[in-house]
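[1] make a model of this:
(one chain, ligands or ions: 2)
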Amino acid sequence: MIIVKNLTKNFVRNTQRFDAVHDVSFHVKEGEFAAVIGHSGSGKTTLFNMIAGLTKPTAGKILIHGSDLTQMSDKQQATFRNQNIGYVLQGQSLLNNFTILDNICMPAYFSSTIDIFRERALQLLNEIGLEELAKEYPSNLSGGEMRRVSIVRAMMNHPKVILADEPTSNLDPENSHKVMQMLKDISQKGTTVLLSTHELEYLDYVDSVFKMSKGNLMDS
Ligand SMILES: Nc1ncnc2c1ncn2[C@@H]1O[C@H](COP(=O)(O)OP(=O)(O)OP(=O)(O)O)[C@@H](O)[C@H]1O
Ligand SMILES: [Mg+2]
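    Ligands and ions are numbered 1, 2, ... in the order given. Model (predicted):
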């Protein structure tokens with residue numbers, strides 16, 4: 001469960017202060033699939049970065065499964081993120097010089113659990129029919145395949161929450177439907193999923209929709 005209370009992020013640009021996210025409150029229940037919609041610049045990525053503990057809020061609270069992220073030190077936040085949150089970043093975030101399997105297993109590279117990681121990665125790829133891509137490099141994949149691999153990577157640590165920032169951007173309808181179905185399946189297995197999008201045609205998949213405009217959450 002994600003609870004966001006009176007969340008604000010203030011930036012300074014050209015000596016002017018502005019709220020990229022202004023006094024935003026909402027919650028997403030356990031196993032719910034929710035979408036944040038809004039035009040470019042409305043504050044979606046800033047909001048997600050705060051929920052992931054990557055950007056410090058100017059004001060407000062973020063509770064994930066009862067733990068208050070805003071009360072944690074940077075180190076505690078990093079540990080909490082690794083254990084509880086899978087973040088699919090906006091855009092392409094796979095490393096070009098590593099295979100798909102190595103990209104997915106990167107966090108466990110130097111750990112003794114690498115074999116368990118590899119097994120889980122192959123199993124997750126298998127579930128979405130992409131197991132034959134394990135030894136390929138990202139440049140040999142389609143945009144839709146790369147996006148689904150990024151979701152697999154975010155799933156590796158059995159997170160309680162998945163954040164997916166515009167996972168369907170620049171994809172054709174067929175691949176967008178595959179990504180949405182994959183995220184829906186993940187939520188139906190009990191993981192809380194929050195995605196952002198400005199493509200309204202895929203909202204049939206989600207349980208709830210939050211609309212942002214210029215940093216504010218609108219009634220939707
Ligand atoms: N580090 C920063 N410093 C100053 N301004 C920033 C910073 N990060 C984002 N902004 C500004 O905050 C606003 C919200 O940006 P954000 O990236 O959250 O929007 P978005 O809804 O994700 O847009 P898009 O749909 O294009 O990804 C924009 O006006 C952006 O220029
Ligand atoms: Mg964004």
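[2] near ligand 1, which residues of the chain?
    By C-beta under 6 Å from any ligand atom, the part of the chain that sits against ligand 1 consists of 11, 13, 20, 38, 40-46, 90, 198. In this view, the C-beta of every residue, glycine as well, is placed from N, C-alpha and C.
[3] just the buried residues of these.
    20, 38, 42-46, 90 (16 or more other C-beta atoms under 10 Å).
[4] just flag the most distant two among those residues.
    Farthest pair in those (C-beta to C-beta) is Ala20 and Gln90. Separation: 14.4 Å.
[5] which positions within stretch 43-62 qualify as buried?
    Of the residues in stretch 43-62, those buried (16+ other C-beta under 10 Å) are 43-53, 55, 57-58, 60, 62.
[6] give me the contacts around the longest helix along the chain.
    If each helix of the chain is counted by residues according to DSSP state H, the longest one is helix 173-188. For helix 173-188, contacts defined as C-beta atoms under 8 Å, 6 or more residues apart in numbering pick out 31-33, 128, 142-144, 147-148, 151, 155, 162, 164, 167-168, 171, 193, 195, 199, 201-202, 205-207.
[7] Arg13 pairs with what?
    Arg13 has the following beta-bridge partners by DSSP bridges: Gln16.
[8] and it, how far is that from Ala20?
    For Arg13, the distance to Ala20 equals 10 Å [C-beta to C-beta, to the nearest Å].
[9] ok, Ala121 next?
    For Ala121 relative to Ala20 (C-beta to C-beta), the value is 35 Å.
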